[in-house]
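Visitor: Starting from these lines, generate the structure:
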Amino acid sequence: MPVTEAATEQLIRIGEVARGAGVSVRAVRYYEQQGLLVAERSPAGQRLYRQDAIVLVRFFQQMFGAGLTSRRITELLPCWDSGHTDAHQRAMLRVERDRIQAKINELEAALGRLDEIIAITNTHS
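Guide: As a prediction, this is how the structure comes out:
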C-alpha cells in the first residue's frame, strides 16, 4: 500500500528494522512473506515499517529460537497486539510454555553434566 511523503516520517526502512533487531534484511523480508510483518510502500516502492517492527522482529527471533513455527507465531500475534486471549489461545500459550520449560530443564541437566566433567577434569590437570 503506497503512503504519502508526510506519512513516511513515522515509518522506517527495512535496513533500519534489520539493524535495530540484529537480523539480516533477508530475515525481515522472510517475516513479511510469512505474514508476520506488514510493510507499506513509499512512493518510490521502498518497504516501510512501523517503529514497533524492531520489537516484533526481536520477538520473532526469540520465538523461532524457542522452537515455534511461523504458523504458531502468527497465532500468537493477536495476543501480542490486543493483550487479550480467548480460552483456545491461553491453552496454546500454556502448551508452548510447558514445551519450552521442558527444554530448559533438559538444557539445565546437560549443563550440570558438563559442570561435573569440568570439575573432574580440573582436578587432573
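
Visitor: Packing partners of the longest helix along the chain?
Guide: Criterion DSSP state H: the longest helix present in the chain is helix 87-122. In terms of contacts (3 or more CB pairs under 8 Å, 6 or more residues apart in numbering; DSSP states H and E), helix 87-122 is packed against helix 70-82. To be clear about C-beta, it is placed using only N, CA and C from the backbone, and glycine gets the same treatment.

Visitor: Can I get the helix it packs on as CSV, trimmed to CA atoms?
Guide: What follows is helix 70-82, C-alpha atoms only, in CSV (Å, rounded to 0.1, in the frame of the first residue of the first chain):
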residue,chain,number,x,y,z
SER,A,70,5.8,-19.2,11.7
ARG,A,71,2.3,-20.5,12.0
ARG,A,72,2.4,-20.7,15.8
ILE,A,73,3.8,-17.2,15.9
THR,A,74,1.0,-16.0,13.7
GLU,A,75,-1.4,-17.4,16.2
LEU,A,76,0.3,-15.5,19.0
LEU,A,77,0.3,-12.1,17.3
PRO,A,78,-3.3,-11.3,18.2
CYS,A,79,-2.4,-11.9,21.8
TRP,A,80,0.6,-9.6,21.4
ASP,A,81,-1.4,-6.9,19.7
SER,A,82,-4.5,-6.8,21.9
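
Visitor: Outside of it itself, list whatever touches it.
Guide: Here helix 70-82 makes contact (CB atoms under 8 Å, 6 or more residues apart in numbering) with 34-36, 56, 59-60, 63-64, 68, 85, 89, 92-93, 96.
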